[in-house]
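J.: Have a look at this prediction, sequence included:
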Amino acid sequence: MKILGIETSCDETGVCIIETDNNSSIKILGNQLYSQIVIHAQYGGVVPMMAKREHAKNLVPLFEKCIEEADIKKELNSIIDKLKEEKIKEILIRENDLFIDLKNLAQRIEKPDIDAIAVTNGPGLEPALWVGVMFAKALSELWNIPLIPTNHMEGHIVVASLIPEPETKSYKLKNTEYPAIALLISGGHTQLVLIKDDLQYQIIGNTKDDAVGEAFDKVARLLGLLYPGGKIISELAEKERNEFPNKLPPYTLPRPMIHSKDLDFSFSGIKTAVLYTVQKIPEITEQVKQEIACEFENAVVEVLISKTKKAIEQYGAKTIIIGGGVSANKKIRNDFEKMSDNLGITFLVPEIKSSTDNAVMIAVAGLLNILAGKKSETDFKANGNLSL
């Protein structure tokens, strides 16, 4: 079975094709990703309508590169059935350039060997999601391929179970011991999720204000660092730890809600604390930036560890999963691995390249839903607030 994954939830345009023998073995045949970071960096954050336009411009070229990489592209001069063309045009009525690109491609190639399409329909930026959903619906209509709407956050969870097998250049899906706790950390989400069985989710903790990735970016801005700031903050923090391993922090930041009885998060206060700290310092030198970055990262990780440990103990979890773009953070990965070892439970985290938004995770989530009996759908919309 070959599954096409399409991801356009924010500022990454992802298209991939995976192949599976339905025996937990997955091979990535083609994987294309276009990042818009450089475009949005000058605005200090993602501009939704600009992201939408970039997705529309890049989806067909990326799709064509993906089927070439997967070696399933076959040239063929053909004429699209007029009725079919009208239906596709209706689907892409607000994206005429995307319609023209797809029509031109369809006249040059025959239907690729694809058994199903999995597309992100939420959560995320709704204008960006809309383009991916409509493109997937147009492909489904054009070539009569089953279509599976897929939850972006579920993608971040399941991709952590992909275990690489270097000798075969494929992946195995690790069987997860339940119950499991997933910590989803990104620019838009900070959630603790209880997983009782395959594809069965219950959100048990959420952020009350800023998501953790959002807090990283806002603190970076306060320190005069470029967007996206999460990686730069982490690099500065690591440099501070390496240069001064036994140094006491000259600035102390709060650990928001670390002692609350619930499993919720709040990161707005720590951002404000950084602001007040910066305002009291006459000169923000590179050394000061290192010190604040280190204390900020330490505070955030302590809260994430504390809340997740509380959830593990409360629900008797046998597995801990972390996912989302912030799971690429080195300190978070290291500290969670240590915690899991101390608790004697399984720790699952995606490869660094699969931590940020990508189409592989959407294709894998689509696959698992198909195997669980989910049927093809066409009557669905992009939903920026879609929940697990």
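T.: On my side now, so go ahead.
J.: Assign Phe336 to helix, strand or coil.
T.: Secondary structure state of Phe336, per DSSP: H, G, I helix; E, B strand; the rest coil, is helix.
J.: actually Ala299, not the one I typed
T.: Taken by three-state DSSP, the conformation at Ala299 corresponds to helix.
J.: Could I get the pLDDT score of the nearest residue to it once chain neighbours are set aside?
T.: Nearest non-adjacent residue to Ala299, counting by CB to CB, 6 or more residues apart in numbering: Leu253, 4.7 Å away. (C-beta placed from N, C-alpha, C; glycine too.) Here, the pLDDT recorded for Leu253 equals 96.
J.: What's the local residue count around Leu253?
T.: Leu253: 21 surrounding residues under other CB atoms under 10 Å.
J.: Likewise for Thr285?
T.: 10.
J.: For it, give its distance to Leu223.
T.: Distance of Thr285 to Leu223, given as CB to CB, to the nearest Å: 11 Å.
J.: do Asn298 as well
T.: In terms of CB to CB, Asn298 sits 15 Å off from Leu223.
J.: higher neighbour count, those two?
T.: Counted by other CB under 10 Å, Asn298 and Leu223 do not tie: Leu223 has more neighbours, with 21 against 18.
J.: need the contact list for that one.
T.: Gly229, Ile233, Val274, Val278, Ile284, Lys289, Ile292, Ala293 (CB atoms under 8 Å, 6 or more residues apart in numbering).
J.: quick one: the strands in the stretch 201-350 of the chain?
T.: Counting by DSSP state E, counting those that start in this stretch, one finds strands in the stretch 201-350 of the chain at the ranges 319-323, 346-348.
J.: for these, which one ends up most surrounded?
T.: Compared across the strands of the stretch 201-350 of the chain, strand 319-323 shows the largest average neighbour count, a mean of 26 (mean count of other CB atoms under 10 Å).
J.: List of residues touching that one?
T.: Here strand 319-323 has contacts from 156-157, 159-161, 176-185, 195, 308, 312, 332-333, 336, 339-340, 345-350, 355, using CB under 8 Å, 6+ apart.
J.: From the contact counts, what lies against the helix or strand containing Glu90?
T.: Glu90 is part of helix 82-91 when elements are defined by DSSP states H and E. With contacts taken as 3 or more CB pairs under 8 Å, 6 or more residues apart in numbering; DSSP states H and E, helix 82-91 sits against helix 96-106, helix 126-143.
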